[in-house]
Structures are given as C-alpha cells and as structure tokens.
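Chemist: quick one, what's the 3D model for this:
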Amino acid sequence: MDLILNALANALSLTTFLSVAIGVLIGIVIGAIPGLNAPMAIAVAIPLTFTMAPLAAIGMLVGVMKGGGFGGAIGAILLNTPGEPHSAATTLDGHPLAKSGKPRKALQTALYSSVVGDSCSDLVLILLAPTLAIFALKAGPVELAAILIISLTLIASLSGKSLPKGIFAAALGAFLATVGVDPETASPRLTFGYIELFDGLPLAAVAIGVLAVPEIIMRLQEGKGYRRQKVENVSTEAQKDRITLSEFLGLKKPIFRGAGIGTAIGALPGLGTTLAAFLSYAATKRFSKEPEKLGTGALEGIAATESANSAVSGANLIPLLTLGIPGNLTAALLVGAFMIHGVTPGPLIFEREAQLIYGLFAAMIMANILVLVIGSFGLRAFAQIVKVPPYVVYPIVLLLCVVGIYVSQGGFFAVWLMLGFAVLGYVMARLEISVVCFIIGLVLGPMIELSIRQSVVLLSRNPTAIFDHVFALILIVSTPFVAWILIRDRARLSDG
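Modeler: As a prediction, this is how the structure comes out:
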C-alpha cells in the first residue's frame, strides 16, 4: 500500500502534472494538423524528455499519445481531412454533421467518446497487466523467442498492402538493430569505426528520420500552392450547437461496444487503431436501429469510431508492459523512451519498477482527465489550428526535429544520421513499404537476437529439444498459417 501511495504522490507532483498536461496539449495540436500524427509528435518529443525524471518523461509521452487520439478527430470533422489514419472513419459522420451547422456537437461527441473509450482500456490495463505479467514470468527464452517471431510476423502481415514488403521492412529493421556492440562477445558490429554507433542506432534519430522528415517533404510537394483550406459552415459560436446529457447517454451502446473492440484489438500486437475504428463503425451500423442514417451525420457513428480508436492506446501497453512487445508504432517509440531512462519493459518491470508503473497508471488517468478539460476549453481555438498554412507549420516542425536531435545526441552526427534515414523513409513511403514494420523490427531486433541466442544455449544446439517446449513449438508451427489466414481475409475484404 505504501508503494502505491508513493506512486500516486509522484504522479500528482507539480512536475509530473505539468509534463502530462504539456504532452496532452502537444498531442491534440499535432493530431489536429493534417499530415501530422501522435507517433510523429512522440518521436519529436522524446529528445525533450532526456533530462526529465522517468515518470515525468514517460507521462509526457503518454499524454501526447492520448491527446493525439482526440486531436485527429478535429481535422476529420472540420476539414474532412483526418490528422491520423484512424480518424478517417470519423469523417464519415463527423464532417457531414459539421457541414450541417453543428461542428461543436460533433467535436464534443468525439471528445467525450474518446475519453470514455480510453478510460475503459486503461482500467483493463490496470486490472490485468500485473496478472498477465505473472504468467509471462513462466515463459523462458524459447517461449519468448517464439512469441517475438509470431508477433513480428503478425505485424508484417497486417501493416501495409504487401506481406513481402512488410517482412522486408521488419527484417531490415531487425538487421540494423545489430549495429553496435555484440552482447555476447562485446566486439563492435557494423560501426565502421564510429564510436557514436557503439550503443547502436539512436532510436530518436531513426524514428524522426523515417517518420517526420519524409512526411513533411511529401506534404510540401503535394501543397504547391500552399492554399489555406476552407472550413465551410463551421462556426463554434452557436449556443444550440452542443450535445446534451440525454443525447450522450443515448450513445452508451456504441461507445462501450467501441471501447470493447478497441481494447481487444489493442491487446493484440499489430492490429492498430484504424482497424479498431472501422470494425466498431461496421458493428454499430450492423446493430443500429436506423443504419441508413450512418454516413449522414449520425452521432453514434462518431461515438463508435472515436471510442474504439482511443481504447487501443491503453490496451497497447498490455503486451508492452507484460512481454516487452510493442503492439504498434506508438508503443515501439515508448519502448525507446523506457530504455532511455534505464527501464526495460517486460514481466520483471512490475517487480523492479513497481513504483514507476503504478505512477504511470495514475498519470494515464490524469491524462484522460486533462484531455477532457483541455479539449472542452479549447474547442474554439482548435478549430483555428487547421487553418494554419502548411508553409508555416512544416518548416517549424522540421527545425524542431533538427534542433531536438542535435541537443539530445550532442552533435551533428545524429543529425546527419537522421537525414540519411529521412532518405530511406522517403523511398520506403514512395514504394509503399511499411515504416511501422521497420521501426518495430528495429525495436524488437535486440530482444529477438538475445532470446534466440539464449534458446540455442538452453537447447544445447539440439533442434529436437524444441519438443520439450510445447507452447513454443505450437507458436512456431502456427506462425505461417496465421499469417496466411490474415492475408487471405484481408484480400477478401479488399475485393468485397
């Protein structure tokens, strides 16, 4: 009990509170800008947290993640331009409702549904994560290697349009994870004589390079005229343009259904928020008494998508904290943040860093409350964010990327590294090769290598000894079949 009370005291300290609040504000603002998203904001914000205490730093990044979950709905509703991919489902009903003269009602529905869905998934995380960690402790290196391999295969098969490209991206990320010092022999690998690479490729520089910089370049190429986007019939001044308590309570079924779908999908590595949003929307349309209204500005359509995509964020931390496996790009970046502050995600984290974890749980609840407060008071201001011309926004973001990497890594080496990976990220984007798979492969690479090496030693280099590890054997054998089923089902959905 003393441990929990101390964790709550740390979470409620002024430093942590301000860090989470700033993170939420950054997440909402970045998420509202078309083309920018929460993972990009987290990648840019990671260097800013180097000098912070671990709880304040991770709390700030979690605030960015949660703020971005709602921020993407702002551009989707006001401009029909989703700030994040998962908000594309929100445009189906959000923008028609805004065009009909009720933008505030649409934004409020999105905000409240997002907070409820996020809170539900956080509750599941808090209740289940410690229990799952106990079972995870019983898994040895062989089981962990099998889990990591099937997780990477799942992510590769579900991310992007092509399985070969997804596997290639994940394999490339895992290969580049070998840069640095060999964990067994302590000899340098692929460092080419650069001392700066002895600790491996800096995740912040790589993430910003492949994520933020190529996106900025492509957005600037697309917006040659740099014209301001028009927001037609969107005024937040109307007093009647508000959702009532009875209207919101009438949305409880799509909200909690979406929260359940989002939580289940978030707990499985690789599925992502976009799938959760569209599955929830489809389920709502299936069970709606008036399905023909969805797509014309129905509140239940907005509630279903926003509760589902926000619920994924909390549930994504379940595999991250219990197994050390990031379920999506955001979770992969959080792994880097944990490691920067000397914390290794996995089942032992509840034993070694219990106070930090319980403090993180409190910070997540605090972030949800701050999303509600900041979102409620800032609806009118956020409506103006989307009007900022791209030739103002993107150069500022690019400058912040360069300055952040220079300051955090202490020199131009990391900046040049970031720019080099920006070229790689641009090529990958043009060839439609999944950057998500690349980043997660880079993060999981060291874990896969270590677990496989430990497994080889544990099995005494005898392949038949794998039959003594039934659970691992089942996972290894089922990996290609699971990938084939997922690819087949996805092909059917795309054809239909």
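Chemist: where exactly do the strands run in the stretch 101-250 of the chain?
Modeler: Ranges of strands within the stretch 101-250 of the chain are 180-181, 188-189, based on DSSP state E, counting those that start in this stretch.
Chemist: nearest to Asn368, out of those strands?
Modeler: strand 180-181 (37.5 Å; Cβ to Cβ). In this view, the C-beta of every residue, glycine as well, is placed from N, C-alpha and C.
Chemist: which of the strands of the stretch 101-250 of the chain sits closest to Ala38?
Modeler: In terms of Cβ to Cβ, the element of these nearest to Ala38 is strand 180-181, at 28.3 Å.
Chemist: quick one: list the elements packing against that closest one.
Modeler: Packing partners of strand 180-181 (3 or more Cβ pairs under 8 Å, 6 or more residues apart in numbering; DSSP states H and E): strand 188-189.
Chemist: tell me if I'm right that Gly200 and Gly180 touch.
Modeler: Yes: Gly200 is within contact range of Gly180, at 3.6 Å (criterion: Cβ atoms under 8 Å).
Chemist: can you tell me how far the nearest residue to Gly31 once chain neighbours are set aside is from Ser307?
Modeler: Distance criterion Cβ to Cβ, 6 or more residues apart in numbering; nearest residue to Gly31, sequence neighbours excluded, is Gly71 at 2.3 Å. Applying Cβ to Cβ, to the nearest Å, the value for Gly71 to Ser307 is 16 Å.
Chemist: I'd like the next helix or strand past the strand or helix carrying the residue nearest to Gly31.
Modeler: Secondary structure assignment for Gly71, by DSSP states H and E: helix 54-79. Next helix or strand after helix 54-79 toward the C-terminus (DSSP H and E): helix 91-99.
Chemist: packing partners for that following helix?
Modeler: With contacts taken as 3+ Cβ pairs under 8 Å, 6+ apart, helix 91-99 sits against helix 54-79, helix 103-137, helix 299-315.
Chemist: can I get the CA coordinates of that helix in CSV?
Modeler: Backbone C-alpha positions of helix 91-99 (Å, rounded to 0.1, in the frame of the first residue of the first chain) are rendered in CSV as follows:
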residue,chain,number,x,y,z
THR,A,91,-15.0,11.8,-41.3
LEU,A,92,-17.9,9.6,-42.4
ASP,A,93,-20.3,11.2,-39.9
GLY,A,94,-18.3,14.0,-38.3
HIS,A,95,-17.8,16.2,-41.3
PRO,A,96,-21.5,15.9,-42.6
LEU,A,97,-22.6,16.9,-39.1
ALA,A,98,-20.2,19.9,-39.1
LYS,A,99,-21.3,21.0,-42.5
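Chemist: wait, the residue nearest to Gly31 touches Met40, no?
Modeler: No: counting by Cβ under 8 Å, Met40 is not a contact partner of Gly71; they are 11.6 Å apart.
Chemist: who touches both of the two?
Modeler: When contacts are counted by Cβ atoms under 8 Å, 6 or more residues apart in numbering, Gly71 and Met40 have Ile30 as shared neighbours.
Chemist: the more surrounded of those two?
Modeler: Each of Gly71 and Met40 has its neighbours counted (other Cβ atoms under 10 Å); Gly71 has more, 33 against 27.
Chemist: shaky segments in the stretch 1-150 of the chain?
Modeler: The model of the stretch 1-150 of the chain has pLDDT under 70 over residues 1-3, 34-36, 79-86, 88, 130, 132-139.
Chemist: run the last query once more with 90
Modeler: Scanning the stretch 1-150 of the chain for pLDDT under 90 picks out the ranges 1-16, 26-58, 65-108, 121-122, 124-150.
Chemist: ok, so what distance separates Val482 from Ile28?
Modeler: Distance from Val482 to Ile28, by Cβ to Cβ: 37 Å.
Chemist: which residues in the stretch 351-496 of the chain form strands?
Modeler: Going by DSSP E, counting those that start in this stretch, the stretch 351-496 of the chain shows no strands.
Chemist: so Pro188 is in contact with Val179, correct?
Modeler: No: Pro188 is not in contact with Val179 according to Cβ under 8 Å; the separation is 9.1 Å.
Chemist: average pLDDT for stretch 378-394?
Modeler: Average pLDDT, stretch 378-394: 67.
Chemist: repeat for stretch 363-374
Modeler: Stretch 363-374 comes out at a mean pLDDT of 92.
Chemist: check contacts around the residue most central in space within the chain.
Modeler: Residue closest to the average C-alpha location in the chain (Cα atoms, centre = their mean): Thr330, at 2.7 Å. Each residue near Thr330 by Cβ under 8 Å, 6+ apart is listed here: 38-39, 42, 65, 313, 316.
Chemist: out of the strands of the stretch 101-250 of the chain, flag the one nearest Phe350.
Modeler: With Cβ to Cβ as the criterion, Phe350 lies closest to strand 180-181 of those, at 28.0 Å.
Chemist: hmm, who's touching that closest one?
Modeler: 187-191, 197-201.
Chemist: within the sheet, what are the partner strands of that strand, with directions?
Modeler: Applying DSSP bridges, strand 180-181 is found paired with strand 188-189 (antiparallel).
Chemist: tell me the spacing between Val415 and Leu61.
Modeler: Going from Val415 to Leu61 by Cβ to Cβ gives 22 Å.
Chemist: of these two, which one has the most company?
Modeler: Leu61 (28 against 19).
Chemist: dump the residue contacts of the residue nearest to Ala315 when sequence neighbours are not counted.
Modeler: Closest residue in space to Ala315, ignoring its immediate chain neighbours: Gly266 at 2.8 Å, by Cβ to Cβ, 6+ apart. When contacts are counted by Cβ under 8 Å, 6+ apart, Gly266 is found next to 121, 273, 276, 311-316, 318, 327.
Chemist: now these in a markdown table, with neighbour count and distance to Val435?
Modeler: Below are these laid out as a markdown table (neighbours: other Cβ atoms under 10 Å; distance: Cβ to Cβ, whole Å):
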| residue | neighbour count | distance to Val435 |
| --- | --- | --- |
| Ser121 | 28 | 25 |
| Thr273 | 28 | 16 |
| Ala276 | 29 | 20 |
| Ala311 | 36 | 24 |
| Val312 | 33 | 18 |
| Ser313 | 30 | 19 |
| Gly314 | 32 | 24 |
| Ala315 | 26 | 22 |
| Asn316 | 31 | 17 |
| Ile318 | 24 | 24 |
| Gly327 | 27 | 16 |
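Chemist: flag the least confident of those.
Modeler: The minimum pLDDT among the contacts of Gly266 falls on Gly327, with 65.
Chemist: and stretch 429-438, how far apart are its ends?
Modeler: 12 Å (Cα to Cα, to the nearest Å).
Chemist: how about that stretch: buried residues?
Modeler: Residues 429, 433-438 are the ones in stretch 429-438 that count as buried (16 or more other Cβ atoms under 10 Å).
Chemist: measure Leu249 to Leu128 for me?
Modeler: As for Leu249, its distance to Leu128 is 28 Å (criterion: Cβ to Cβ).
Chemist: more neighbours: which of those two?
Modeler: Each of Leu249 and Leu128 has its neighbours counted (other Cβ under 10 Å); Leu128 has more, 15 against 9.
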